[in-house]
Structures are given as C-alpha cells and as structure tokens.
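*Asks:* using only what follows, build the 3D model:
(chains A and B)
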Amino acid sequence: MSAGPAPPRLARCLLTLVVEPEDRPFLLADLEEELERRSRLTDARRARQWYWRQAFGSLAPCLARRMGSGARHMATRIGGGLRYAVTDFGSDLMYALRTLPRSPLLSLTTVLSLGLGIGAVTTAFAVVHAILWRAPVAIMDPEGLAAIYTTDPTGGEYGPSSFPDYLSLARSLRGVENLAACRLGMVALTDPETNGVGGRLTTEIVTGNYFDLLGVQMSLGRGFAAEETRVGAAERVAVISRDLWQRRFAGDPHVIGRPLFLDGRRWTIVGVAPEGLVARFLPIRIDVWLPLGVPDGVYRATPGRLALRTERDFLLVGRLRDGTSPEQLQGELGTLATALHGEYGVEWEDDRGRPLHLTAEVGKGSTPPEGRAQLRTVGRLLFAGTGLVLFLACSNVGGLLLARAGSRRREMAVRLALGASRRRLVALLMTESALLAMAGGGLGLLLTRIASSALGSLPFPLGFALSFDFSPDRRVVLFVVLLTGLTCLLFGGLPALEGSKPSLVPSLKGGGGSSGRRFEARRLLVIGQMAASTIFLVLAFLLLGSLREIESFDLGFDPDRVAVMSKELPGSEYSSAEAAQMLEALRQQLAAQPEVEAAHLAVAAEHSLLADIHRASVVAIDAAEGDPMNLSYNAVTPGYLEMLGIPLVRGRSLLESDAQGAAQVAVVSESLVERLWPGGEGLGRHFVARGMRTGEEGERQGDRAFEVVGVVEDGRFGFAEGLGGSAQPFFWVPLAQNPSAFVLFEVKGRRSAEEAVRLLRRQIGGVAGEVNLILPTTLDDLIGSQYQLLRGLTRIVSFAGLFGLALATVGVYGAVALTVARRRREAAIRQALGAGPGQLLKLVFLDGVGLTLVGLAVGLALALPAGRILESELYGSGPLDLIVLAAATALLLAAAVGASLPPALRLLRVDPAGALRID
Amino acid sequence: MSPTFLPELELYVMLAVSRLGDDAYGASILREIEERTERPLSVGALYTTVARLAEKGLLRFTRESGEAGRRGRPRKYCRLTPEGERALEHSTTMLRRMMEGTVAARGGEGR
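*Replies:* Below you'll find the model as predicted:
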C-alpha cells in the first residue's frame, strides 16, 4: 500500500481556516479521498491543481455560511465605502514606498527593532501555545480523550500508573471506550555488523490499541494491532516517524518490512507515522514507536517490571464513551481506586500510608495539570519579558518617527494649506507606519521560526535527545498579524497624530516653533525606555549572580579528572547475580588500566539530575514520630566516597566487608543526622527508607532499615533542592547490598578526565545489548550541562538589558539635544547677561538626568517584584540585594550623564551674537 | 407544512443522495454530481448546501470515524428524511409537469 499524494499544504491550511470546524475533518477527508482517486486517474500535478481549485471555490460558500446571510448585505455596503478608501490607500502606499527608502537608516533600524520585538513575543507565544493550547496534530477528536492519573508516592495528584493497574482499569472501566498506555524511552540505534551505537532515538512505548484509539492515520503502512502487544509475546515491529523516514531511509516508499536495529536487536518497520505526531503528554518529537511487551522488553518496560503493581511508569489515555460525563468517569474511578486499595493494600498506598487515588482529565489538552500550572507561570514570565523587549522597540521606533515628524512639519503644513484634511494626513503617516510594521512583522515571523526550532532542540541535561515541536502554526501566524497591527498603532499612532497637526503659520515660515506636547511625548518615551532597561539590567545582574554562584560554590566533592557513563544489563539476559558479577568484572578491568587512578560503580551521580531518580522517604526508627523526608541517595562500591574526596567526619566509610548478607549499613551527611536526631552523633542509630530502587527489576522497595556507620561533611549532593539555601541531606549505601541492573561507571584518570572518557568509550562502549543512557562524558560536563539553560537565559536577558540601555541612551541624547536646540536663544541671552558655564550646563543637564531618575524609579519599582518571582520560581539563588540595585543604578546614571554631556557642552560653544541673529 | 420548491443545487444534492443510498457522503456526492452534470462543484458549496438541507429537516447525518479500510478517513453520511423524500418527490413531479411538451423535455433525449 502506498501513501496517497499529500494535499498542497497551503491550500489545506486555507480550507482549515474557512471551513466550519464541525465539518472540517469530514470535508478534508473527502477531498483527500478524491485527490487520491484523481491522481490515480490523471497525474499528481493535475490532481493538486484540482485541489487548489476546490480550495478557492470553497472560500466564498464557506465564508458566507460562517458569516450568516445578514453579513452579506453589510459586505456590499462596506464595499462601496472601501472603493474610495482603496484609491486613497493606494496612493498613500505608493508615496510611502517612495519615501521610506529615502531614509534607509531610519527604515532599517525601525524594521530591525520591530522584528526583534515581535519575534521575541511571538516566540514566547509559539512555545506556550505548542504546549498549552495547540490542538494535537494527526489525532481524531482530541476533545473526547481522557487522561487517567494515579497519585504518585509523594502525594502528587497527577502521577503515572503501573501496568497491572492499567490492565485492571482496561478490564473494568466502563466510562471509556478503550484504554491505552504509553511511556517515553530511549533506545540506541545500532549497527548490525559492529554493534556500535549510531545515535540515540526517542521512543514512545505503547499498547497495541494506541494508534486506533487516538485515530491516527498512518502516512504509510499500518499501526500496531492489539494482539501484537500481548506481554511477553509481542512482535518486534516498529512505527517510525516521518522525520526518521526521511532522514534515515531517504523517504523510501518501500520502507515497510525493512529492518531497524535498536539496542542490538532487529525490529521490522510496519508503518510511518503522520507528520507532526508527537508524544502523548508533551510535544516531544518521537523517532520511533515500539509496542509494549516484546519478549525481553525495551527500555525499562521489561516483562518483569510490567508485572509489578508498584512500578508506576505509564500514562493512560482513553476515549470517553458517548453519553458518559467526565463526572461519571471520575465517580467510577473513585470506586475502582477504593477497590484496588482493598485488594492490594500497601502496594496501593503512598509514602505516608494514605490510599492512592485515580483522577481523570477529559479533553483538556495532553499536558498534565501540574505541568500546565508551571508552564502558565513560565509563560507569564516569558510574555512579560518579551513584551518589555517589544515595548522598548516600539518606544524606540516611536521616538525616531516623532523626530522625523518634526523634520517633516513643513511638508505636512503645505499639505494642510493645500486643503488636505487632518484625517488624510493621519492616514498617510499611518500607512508608512503600517508598511514598516508589516516588514517588522515579517522579520519577526522569520525570527520566530528560527528561534522556536532552536528552542525545540535545546541541549537537555544529561544529553537526552528530547526535542520539542514548537514550530509555528496558523494561530501563531494570526498572532503575528494581530500583534503587528497593535504594534503599528502603538508606535505609529502618537507620531501620526502629532505630526499631522502643526500650527500652520510658524511651520510654513520655517521657524522652530515646537508644540509642547510633542516634546512631552518624547520625554515619556525616554522614561519608558529607561524603566524597561532598568528592569532588564536588574534581572541580568541577578542571573549573573546565580551563574557566578554556580561556578564558585563548593559542591562538597571533587569532580576533577572523573569520567562517567551509564550501563544497563537487560534483566531478561542476566540474573541480578550475573549482572552484578559482570559489572564488577568490568569495573576491575577498568581499575587495572595504567591510566586509571580509581574506577567505581554507582547508581547516581551527585548533584546531577540523575541524583533525583534515586529517592527514598526516610524516617528515624528510634526517634520521635516525624513526617518522612523525601531525599536522594546513591548506592556505590567501596572507595567511591574517597575517589570523590568527600571528607568523613566520624565513623567509617563503606567497606568491602559490607557485602550481601552482612548488616545493612549507610553513610550519611551531617545534615541528615541533624534532621533525624537533632544534636546527636548519629553513629549506630537506625533509619528506615521506603521506595529505594534496588529490586531485581530496579523496582521501588518497601521499608528497609539501615544502620549509620559513618557521617560525612555536607555538600550539594542532591539536585532538586536547587542552588541556594542550606545543604540537603543525602546518604550512601553499599551497591553490594543494594544491587542494580542500571549503573554508572565513574572512573578517575591519573592525568585527565578526557583520557578516562576515551578509555570508557573503548572498554565499555563495545559491550552489546544494553541501553547507554549517558554516553561517556566528564563528570564536570555532566554537572555543567544542567546549567546550560540558566547560562542561555542570562545571556538573553543581559543582551536585552544592554539593547535597552543603548536605546535609552540614544533617547536621553535626543531629548537633551532637543532641549539644547530649543533653548539656544535663552542660553544666548543668559550668556549675554553674564551667566557662567556652570549655570548654562545646569539648564539642560538636569533635564537628561531628571528623565533618567524618573525612569529609574519606575523601573526599580517594577524590577523588585519581577526579581522576586525569578528568585522564587526559577532558581533559589542570586539575592536581590543592594549591590545589584546599586550596580544597575550606577550603570544607568553613567549612561545618562554620558548621553547628556555632548549636547550640553554644545550649548557652551554657542556664540551669543550668532544665536540671537538667526531669527 | 406543504413542501416547498428546491433550488437547483439543492435538488441535485437531494437526487444524488437518493441515488447513492447508503453510500452518500461528501466525496461520493461530489463525484456523482460532477460526473452527471459535467460541471465542477466545490466541496465548500456542497457542505454549505448539505447543512442548509439539514436545517430544513430534509437530510440527516451519521458521522463515522475512520476505519483501517479507508486509511482511517472519517465520513459524514447523508440520508433523506421522510420529509426529504416527500420534498424531492414534490419537486421532481413539479419539474416534470413544467417540462411536459417543452423543447427542454425533448432536448434531454435528443442529444
């Protein structure tokens, strides 16, 4: 079966816009069917032409239907009025097209500033829109889909569900027609000959009914069949993304049936997904979809783990049954949750022993509500920030146009004198602004495209290959159009109104007669620019503070010369004892290399996102009753703490003798002792941890007790805690007593980390059949990669601050220069009457500084709350202190003084006789 | 309510729906009318007409989601309501009566 010809995208887009939403899917499907038939009968080109004719032919009837018949009468009446407007508009446009190139610098600056501003706001819109509001592409009736969540062990409302729970729900839930499960994963693309890794792919592992339930129509081939995904008996079949199809198979139409090697195994391609299909719960680009339940599993979805009710990895989606209300569904879920708790007891409780519950979200987009709330906050910040950039651009352009209006006062006066109405003049000036705005809008859209694709593939911490689909769609285009219109009014309105009403006589006479209000408008703009750049500068200083802190603070351990990579041995091939043996053999092999100082195994890397995967809820056994603390831990081989230089305060470190069968021991950080046994030493005391991932399948465990044998100095071992504040508790346990199929190899080189990285790649990279979650890298880079986002943000905000400052400086210069020009005569008279240079300078100098001070005050008043939001929402660091405020203030004042000085000095050089003689 | 006269395009659509029976949906109606009249018809006009007929109570719809057999394309099937049948009957009868003995009536067969 071959893919039908794709409908012309633009024509399809046009139709989507005009067709009644209710009819849209049917009409488009009809056209597609006919397109396919016609391209079989004639040829693809003619069929596409037919499609275009259909699109154009459908415009009028569809629009007429949507507007209703009453609107048609209106249209004819407006049409009459329009005909006159159009001729005027035409001549205005021609005039604008002729005049704008005559001041190329002005036009270019305007278009660039507007483009930057519009591009920034639109990019923010595109990102928020893609995640929060965009209707998913290639999915039938997304409004009828219901997401089902289980509470997570720490009490969060919207957590994933386990596979046995999925089966229970799929069996008994009446409120949905069909229920599917999915999860994200990573697989390595391998070369069948060498078993070398050729890159990582993002995968969504799904149940067989997934595509049918969503109503996804494959571009090529088919989706999965329900019977293909029986656990333990599923076929190795794969659906690839359109992108992977183009990239790796060059769009081969006969790709169906060809093999694909993932994690060293052969899969057969059965389908190519439609363009734009992304992961179910976030717009993440997926490279390949794999069925759940292949015999030895894929990425953590191994048959062993699938059998565990406590392994909650899956997101569930169903289609609401006709006639069932979301409330009915929720009610049914409540009953089911109670029944499940009754049946499975402790397996259905959170870390505090409360029963879990189930929550349904119907037709509210695909991102879980908690994520949506966070995104809304980020979205608000993005809009505020980018809106400020656009405001800066508008005020700058407005200032330029005002200045131009000043120089064109004579032209306008002549037009008025010749009988042009004020309305015509405003229209003429607005036409020019509209032209500039449109060019700016076009540039903005272009910048949005570039920026959103760059943002979509930001380097992820740990080098994950996740990328988001933020590509602009028609709503984004519509947004740009509206924004451009608004912008045009904002920056063009004032200059047009001011420029079109000069007092005739002085203007025609050629005098400088300036109206007071125009001057006021300029001053307001300067104040606005100063305020906006103050905000950006304060924020930039804050972020720079955070960055400096990250780069300078004491981690509490020494990542120098250490390289790291991950390894996971598939549970289906190795028993846990075999896996432990094999990993230990590999470790010893590494340790024996001449360039290696030490080689160790761990399940997490301190102060990385990986430290967050391994978390447990901890309570002291022999202390007063307290709430459990949820914190990170690591399981390591003896000598690991020494390799990282984590200093022991009392007791002992982990030893070879802490083997399986011996007493369960742990080394803890000082703050953990402080929290569990305030004032105590901690040694010899016991605590209980729940939820450690140390089972055969790496599953969460119930309560396990540990004896504290050693205490180390505090450090930044966890990651979720953020940068600021006090050190968070952490503990280490022996890997031998807490085995894991997933480990990190951490190797300290004698000379450099890079040497160790090369060694890891050579020695461990070739071991086949497992997932390389973290490719060999230095520990420094692994930790540093997590701050790339902060670095990027700092760079952008600093740039916006400096850009704003530059604009504001020019603004101050302009304002002062204008004052100087206006008060030349006054200055000359004062000078003639014997005023000194100091008095003359004060006349204008205070003007510029005064504007700056007002702008600064407004800016600081706004920057304080903005800074506090940044402080609390993003990174717990970079205090909003006097130093930051003083630095921003000093920078702005310096700029203002610098900008006022040249025009003010010019005033001193005024020759009184000459200045008085001019008029 | 006594049946009203149907405008030309509405009449064509009703006739096509009547002829296609269980298989009357967007693409098939479009084909039917285009092949018989040899006149291009836009899908937008068709949907607008169909919606108008439904508002008059002459047609009703059943919506079907996609099936594997037709690449998951959804379809909106049309069917005449009893009232629609009556209106069609009425209009065609009137048309036949008006045509009786005119040039138009012979032209149909003469070509």
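*Asks:* low-confidence regions, the stretch 251-400 of chain A specifically.
*Replies:* A:364-366 (pLDDT under 70).
*Asks:* which residue ranges of it form helices?
*Replies:* Secondary structure of the stretch 251-400 of chain A by DSSP state H, counting those that start in this stretch: the helices cover A:303-306, A:326-344, A:369-407.
*Asks:* closest to A:Leu173 out of those?
*Replies:* Minimum separation from A:Leu173 across the helices of the stretch 251-400 of chain A (Cβ to Cβ) falls at helix A:326-344, 6.5 Å. All C-beta spots, glycine's among them, are computed from the backbone N, C-alpha and C.
*Asks:* in the closest one, what's buried?
*Replies:* Neighbour-count burial for helix A:326-344, counted by 16 or more other Cβ atoms under 10 Å in any protein chain shown, picks out A:Leu329, A:Gln330, A:Glu332, A:Leu333, A:Leu336, A:Ala337, A:Leu340, A:His341, A:Tyr344.
*Asks:* chain center to that helix, what's the gap?
*Replies:* Between the centre of helix A:326-344 and the centre of its chain there are 35 Å (Cα atoms, centre = their mean, to the nearest Å).
*Asks:* which other helices and strands does that helix contact?
*Replies:* strand A:145-150, helix A:163-172, strand A:358-362 (3 or more Cβ pairs under 8 Å, 6 or more residues apart in numbering or on different chains; DSSP states H and E).
*Asks:* and the ones you listed, which is most packed in?
*Replies:* The highest mean neighbour count among the helices and strands packed on helix A:326-344, using mean count of other Cβ atoms under 10 Å in any protein chain shown, belongs to strand A:145-150: a mean of 25.
*Asks:* can it be found next to chain B?
*Replies:* No: using Cβ under 8 Å from any Cβ of the partner chain, strand A:145-150 stays clear of chain B, with a minimum separation of 12.9 Å.
*Asks:* strands along the stretch 601-750 of chain A, start to end?
*Replies:* Assigned by DSSP state E, counting those that start in this stretch, the stretch 601-750 of chain A shows strands spanning A:615-620, A:629-636, A:648-651, A:665-669, A:686-690, A:703-712, A:731-734, A:742-749.
*Asks:* buried residues of the longest helix that chain B contains, list them for me.
*Replies:* Ranked by residue count, the top helix of chain B under DSSP state H comes out as helix B:82-99. Neighbour-count burial for helix B:82-99, counted by 16+ other Cβ under 10 Å, picks out B:Gly84, B:Ala87, B:Leu88, B:Ser91.
*Asks:* spatially, which residue comes closest to the third one, not counting chain neighbours?
*Replies:* If the residues on either side of it in the chain are set aside, B:Leu88 comes closest to B:Met14, at 4.8 Å by Cβ to Cβ, 6 or more residues apart in numbering or on different chains.
*Asks:* residues near that neighbour, how many?
*Replies:* 24 (other Cβ atoms under 10 Å in any protein chain shown).
*Asks:* quick one: it from B:Cys78, how far?
*Replies:* B:Met14 is 9 Å from B:Cys78, where distance means Cβ to Cβ, to the nearest Å.
*Asks:* swap in A:Ser500?
*Replies:* 58 Å.
*Asks:* now B:Glu34
*Replies:* 17 Å.
*Asks:* between these two, which one's more packed in?
*Replies:* The neighbour comparison of B:Glu34 against B:Cys78 (other Cβ under 10 Å) goes to B:Cys78, with 25 against 14.
*Asks:* tell me, what's touching B:Met14 and B:Cys78 both at once?
*Replies:* B:Leu59 (Cβ atoms under 8 Å, 6 or more residues apart in numbering or on different chains).
*Asks:* what parts of chain B come near chain A?
*Replies:* B:25-27, B:30-31, B:40, B:42-45, B:47-48, B:51, B:63, B:65-66, B:68, B:70-76.
*Asks:* about what we covered before: what is the nearest of the buried residues of helix A:326-344 to A:Thr16?
*Replies:* Checking these one by one against A:Thr16 (Cβ to Cβ), the nearest turns out to be A:Leu329, at 30.4 Å.
*Asks:* of all the strands of the stretch 601-750 of chain A, which one is nearest chain B?
*Replies:* strand A:742-749 (38.6 Å; Cβ to the nearest Cβ).
*Asks:* skip ahead from that closest one and say which helix or strand is next.
*Replies:* Next helix or strand after strand A:742-749 toward the C-terminus (DSSP states H and E): helix A:753-763.
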